[in-house]
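[1] Quick one, structure for this:
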Amino acid sequence: MANPQENAIQQQYRALVKLSLSEFRCYQSLRLETDKRPVVLIGCNGVGKTNLLEAISFLAPGRGMRRAKLGEITRSGCVVREHGPRWAVAATFETPSGPFEVATGYEVDPCADAGGRRIVRLNGTDVRKQSSLDEVFSAIWIVPEMDRLFMDGASARRRFLDRMVCTFDANHNAQLNNYEKATRERTRLLREDNTKLKPSDSGWIDALEQRMAENGVAIAAARKSYVKKLHAAFRLSAGSFPEARVDLDGDLELWLEESSALEVEDKFRGVLAASRQLDRDAGRALIGAHRSDIQVMHLLKKAQAAVCSTGEQKALLISIILAHARLVSLERGWPPLLLLDDIVAHLDLDRRAALFTEICAIGAQSWMTGTDLNLFEGFLGQAQVFRIEAGKAQSI
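    Numbering: from 1, shown residues only. Modelled structure (predicted):
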């Protein structure tokens with residue numbers, strides 16, 4: 001018998017049906033029309049498949065899937081205009097209740113810190129906050145660099161987790177920014193006075209530590225809430241990919257297990273005040289939300305992801321992304337867009353077939369790239385395929 005939750009997922013959708021790029025990376029101009037089926041982009045290395053996915057990722061809040069500087073994305077050789085956008089991405093999304101349009105780009109602005117600013121439009125109207133996009137559109141991605149997610153440093157795993165948390169907590173990104181700014185400013189003040197804090201600086205550091213405590217505990221609480229939901233979403237899987245257990249590894253998260261948020265704020269603020277000398281010597285805060293990590297376990301093997309094989313690590317990563325997509329579908333009523341760059345690498349035939357089945361079951365429109373069309377055999381009847389070459393996209 002079909003799961004009624006899965007049926008609800010399939011009834012709703014957000015499908016990108018028109019995409020336009022201007023002066024973005026290798027694309028001088030691109031117009032692409034699709035339907036709500038999954039999309040496969042085929043082409044040799046270096047022809048712009050990932051660039052196209054990156055352009056789509058900018059339709060969501062944040063810095064895109066490559067975390068690139070906005071001024072570095074403009075196509076090489078582009079004629080720079082004094083006014084107007086350097087690069088632009090626009091899309092039309094189809095939904096059961098009708099279409100909506102999203103556009104973004106980088107505009108020259110001498111008053112901005114970096115000489116330019118991100119512009120965002122929703123249905124032709126300028127919006128001041130990127131977070132407005134979260135209300136209508138969600139995207140999650142896997143890129144080849146993430147194949148080492150369980151081997152690299154904790155910062156990559158925190159970004160990975162926080163990007164998913166932001167989907168469910170509208171304040172999370174602002175709290176991350178506030179926390180990071182307060183942490184950097186505190187570190188600067190401590191570093192500038194290597195002997196004894198001036199009374200004026202001491203009072204300012206008190207205020208910064210208060211901001212760190214308030215925002216840091218809110219960040220940790222949001223991460224804990226999300227991980228709890230994620231574990232429930234794992235159980236909705238068809239079992240094609242290994243179930244993972246995600247554990248938060250951080251002082252704030254541990255303290256929240258035993259105390260209220262207000263009590264943890266007080267404790268964190270006290271620890272920061274007591275550790276100023278240590279943090280001054282280290283050149284950074286030695287405790288806080290910026291030090292947390294996630295530990296991922298392959299439940300069937302009872303093994304940490306870091307010691308699993310390359311293929312198993314890729315399967316665990318996909319399992320987490322699919323669980324997140326199911327969670328978004330259940331909580332929002334529509335699935336996120338999946339941007340899966342070189343996704344079939346390290347997957348055997350059975351896992352590839354399982355991935356395609358899961359994508360269709362969730363009802364998400366996925367955009368996948370690859371160099372070998374044969375690796376998508378068995379899925380081509382359910383997907384639309386485009387060959388990418390010389391900055392152009394041709395349906396095949």
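
[2] what's the spacing between residue 248 and residue 386?
    40 Å (Cβ to Cβ, to the nearest Å). Where you see a C-beta, it was placed from the backbone N, CA and C, and this is true even at glycine.

[3] Provide the secondary structure category for the residue nearest the centre of the chain.
    With distances taken as Cα atoms, centre = their mean, residue 163 lies nearest the centre of the chain, 3.8 Å away. What DSSP: H, G, I helix; E, B strand; the rest coil gives for residue 163 is helix.

[4] Test my guess that it contacts residue 63.
    No: using Cβ atoms under 8 Å, residue 163 is not in contact with residue 63; the gap is 10.1 Å.

[5] For stretch 360-368, give me every contacting residue.
    With contacts defined as Cβ atoms under 8 Å, 6 or more residues apart in numbering, stretch 360-368 is touched by 6, 9-16, 36-41, 52-53, 56, 238, 322, 325-326, 329, 335-341, 343-344, 359, 376, 382-383.

[6] Kindly supply the ChimeraX command isolating those of the residues you listed that are buried.
    To isolate in ChimeraX the members of these that are buried, counting by 16 or more other Cβ atoms under 10 Å, one can use:
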select :6,9,13,14,15,16,36,38,39,40,41,52,53,56,322,325,326,329,335,336,337,338,339,340,341,343,344,359,376,383
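
[7] any idea how this structure splits into domains?
    Annotated domains of the chain cover 1-36+48-145+331-366, 151-307 [automatic domain parsing].

[8] how long is the last one end to end?
    Domain 151-307 has an end-to-end distance of 9 Å (criterion: Cα to Cα, to the nearest Å).

[9] roughly how far is it from the heart of the chain?
    17 Å (Cα atoms, centre = their mean, to the nearest Å).

[10] ok, now the first one?
    Between the centre of domain 1-36+48-145+331-366 and the centre of its chain there are 11 Å (Cα atoms, centre = their mean).

[11] and that domain, average pLDDT?
    The predicted model gives domain 1-36+48-145+331-366 an average pLDDT of 86.

[12] the helices in the stretch 251-396 of the chain, which residues?
    Per DSSP state H, counting those that start in this stretch, the stretch 251-396 of the chain carries helices over the ranges 251-258, 261-274, 276-282, 310-332, 349-362.

[13] I'd assumed residue 163 was in contact with residue 62.
    Yes: using Cβ under 8 Å, residue 62 is in contact with residue 163, at 7.0 Å.

[14] Residue 164: neighbour count?
    Residue 164 has 24 neighbouring residues, counting by other Cβ atoms under 10 Å.

[15] separation between residue 235 and residue 299?
    Distance from residue 235 to residue 299, counting by Cβ to Cβ: 11 Å.

[16] what are the ranges of the strands in the stretch 151-300 of the chain?
    244-249, 293-298 (DSSP state E, counting those that start in this stretch).

[17] in the last one, what counts as buried?
    Buried residues in strand 293-298, counted by 16+ other Cβ under 10 Å: 294, 296, 297, 298.

[18] strands paired with it, and their directions?
    strand 244-249 (antiparallel), strand 303-304 (antiparallel) (DSSP bridges).

[19] any idea of the mean pLDDT in the longest one?
    On average, the pLDDT along strand 244-249 is 95.

[20] Flag every buried residue along it.
    244, 246, 248.

[21] Can I get those in a markdown table including distance to residue 78?
    As requested, these are exported to a markdown table (distance: Cβ to Cβ, whole Å):
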| residue | distance to residue 78 |
| --- | --- |
| 244 | 43 |
| 246 | 42 |
| 248 | 44 |
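
[22] Roughly how far does residue 278 sit from residue 192?
    To residue 192, residue 278 is 17 Å away according to Cβ to Cβ.

[23] Could you count how many residues lie near the closest residue in space to residue 215 that isn't next to it in sequence?
    If the residues on either side of it in the chain are set aside, residue 215 comes closest to residue 179, at 3.9 Å by Cβ to Cβ, 6 or more residues apart in numbering. Neighbour count for residue 179, taken as other Cβ under 10 Å: 22.

[24] out of the strands of the stretch 151-300 of the chain, nearest to residue 268?
    strand 244-249 (15.5 Å; Cβ to Cβ).

[25] Next, the contact list for the residue nearest to the centre of the chain, please.
    62, 140.

[26] Name the SS class of residue 104, please.
    Classification of residue 104 by three-state DSSP places it in strand.

[27] Can you list the buried residues in the top helix by length along the chain?
    Criterion DSSP state H: the longest helix present in the chain is helix 199-234. By 16+ other Cβ under 10 Å, the buried positions in helix 199-234 come out as 205, 208-209, 211-224, 226-227, 229-230, 233-234.

[28] now the angle from that helix to helix 310-332?
    Counting by axes from the mean of the first three to the mean of the last three Cα atoms, to 10 degrees, helix 199-234 points 90 degrees away from the direction of helix 310-332.

[29] just checking, what packs against helix 199-234?
    Under the contact definition 3 or more Cβ pairs under 8 Å, 6 or more residues apart in numbering; DSSP states H and E, helix 199-234 sits against helix 154-166, helix 172-192, strand 244-249, helix 251-258, helix 261-274, helix 310-332.

[30] Would you mind finding the most buried of the ones you listed?
    Most buried of the helices and strands packed on helix 199-234, by mean neighbour count (mean count of other Cβ atoms under 10 Å): helix 310-332, with a mean of 21.

[31] Can you show me the CA trace of it as CSV?
    This file holds the C-alpha atoms of helix 310-332, laid out as CSV (Å, rounded to 0.1, in the frame of the first residue of the first chain):
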residue,chain,number,x,y,z
THR,A,310,34.7,6.1,-1.1
GLY,A,311,31.5,4.5,-2.5
GLU,A,312,30.0,4.1,0.9
GLN,A,313,30.8,7.7,1.8
LYS,A,314,29.1,8.9,-1.4
ALA,A,315,26.0,6.7,-0.6
LEU,A,316,25.8,8.2,2.9
LEU,A,317,26.0,11.7,1.5
ILE,A,318,23.3,11.0,-1.0
SER,A,319,21.2,9.4,1.8
ILE,A,320,21.4,12.6,3.9
ILE,A,321,20.5,14.7,0.9
LEU,A,322,17.5,12.5,0.0
ALA,A,323,16.3,12.6,3.7
HIS,A,324,16.6,16.4,3.6
ALA,A,325,14.5,16.5,0.4
ARG,A,326,11.8,14.3,2.0
LEU,A,327,11.8,16.5,5.1
VAL,A,328,11.4,19.6,3.0
SER,A,329,8.5,17.9,1.1
LEU,A,330,6.7,16.9,4.2
GLU,A,331,7.1,20.2,6.0
ARG,A,332,6.6,22.6,3.1
